[in-house]
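Generate coordinates for the sequence data below:
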Amino acid sequence: MARKVSYVVQYKRKREGKTDYKKRFSLLKSRKPRLVVRKSNKNMNTQIVGYAVDGDNVIASANSRELEGYGWKLAKSNIPSAYLTGYMCGKKAMVKKIDSAVVDLGLQPVVKSSRLFAAVRGAIDAGLDIKAGDDIFEDNNRLMGGHIKIDKLDIPKEIDKIKKKIDKKIK
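Have a look, this model is predicted:
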């Protein structure tokens with residue numbers, strides 16, 4: 001005797017805990033590109049992603065490993081490098097005529113003053129129009145590396161030099 005099935009199998013990415021489809025749908029309803037920020041133990045990744053029916057399109061992207069090409073000698077997983085990665089991605093997006101975006105942090109925990117929001121702040125400073133409250137961002141001293149002490153290296157000056165190199169190279 002056949003019985004009626006009383007459950008529905010969820011999508012694979014939902015079952016694996018990789019995608020929150022409610023959150024994704026609410027981000028897509030804005031009809032703006034998404035600033036996708038992802039962190040790993042050693043690097044930061046930022047992307048400007050546009051929606052398409054047959055799959056999302058990456059419009060601009062930046063990885064903290066690219067900072068080595070601009071002269072960054074410090075770690076690629078700290079707050080200043082996250083800021084510079086977001087700044088670089090924001091500049092690349094501005095070149096491709098993207099002027100606004102919504103933030104997509106995925107399933108990562110939202111923590112005030114984290115590397116994620118340092119990258120968002122970098123994209124905002126690059127010229128992207130992103131709606132975010134000022135209380136979620138790190139203070140400028142930590143954003144510019146004031147909390148990192150390394151002999152014979154002035155980190156805020158290094159960040160300014162690299163920002164100028166990014167501005168010069170990405171036009």
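
contacts and neighbour counts: CA atoms only from here.
Fine.

residues contacting the closest residue to residue 91 other than its chain neighbours?
Nearest residue to residue 91, sequence neighbours excluded (Cα to Cα, 6 or more residues apart in numbering): residue 126, at 5.5 Å. Residue 126 is in contact with 87-88, 90-91, 94, counting by Cα atoms under 8 Å, 6 or more residues apart in numbering.

who wins for most neighbours among those residues?
residue 90 (34 neighbours; other Cα atoms under 10 Å).

Is it correct that that residue is in contact with residue 129?
No: if you go by Cα atoms under 8 Å, residue 90 and residue 129 don't touch, sitting 9.8 Å apart.

measure residue 12 to residue 5 for me?
Applying Cα to Cα, to the nearest Å, the value for residue 12 to residue 5 is 19 Å.

among the helices and strands of the chain, which one scores worst on average pLDDT?
Lowest on mean pLDDT, DSSP states H and E among the helices and strands of the chain sits helix 140-143, with a mean of 88.

what's the residue closest to the geometric middle of the chain?
residue 37 (2.8 Å; Cα atoms, centre = their mean).

mind checking which helix or strand that one is in?
Using DSSP states H and E, the element containing residue 37 is strand 34-39.

Heading C-terminal from the longest helix belonging to the chain, find the next helix or strand.
The residue-count maximum for a helix in the chain (DSSP state H) belongs to helix 79-95. Using DSSP H and E, the next helix or strand after helix 79-95 towards the C-terminus is strand 102-104.

pLDDT averaged over that following strand - what is it?
If you average the pLDDT over strand 102-104, you get 95.

partners of that strand in the sheet?
Within its sheet, strand 102-104 is paired with strand 34-39 (parallel), according to DSSP bridges.

Can you dump the C-alpha atoms of the partner strand in PDB for me?
Extracted in PDB, the C-alpha atoms of strand 34-39 (Å, rounded to 0.1, in the frame of the first residue of the first chain):
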ATOM      1  CA  ARG A  34      26.000  42.600  -5.200                       C
ATOM      2  CA  LEU A  35      29.300  43.300  -3.500                       C
ATOM      3  CA  VAL A  36      30.200  39.800  -2.400                       C
ATOM      4  CA  VAL A  37      32.800  39.700   0.400                       C
ATOM      5  CA  ARG A  38      34.400  36.400   1.400                       C
ATOM      6  CA  LYS A  39      37.300  35.800   3.800                       C
END
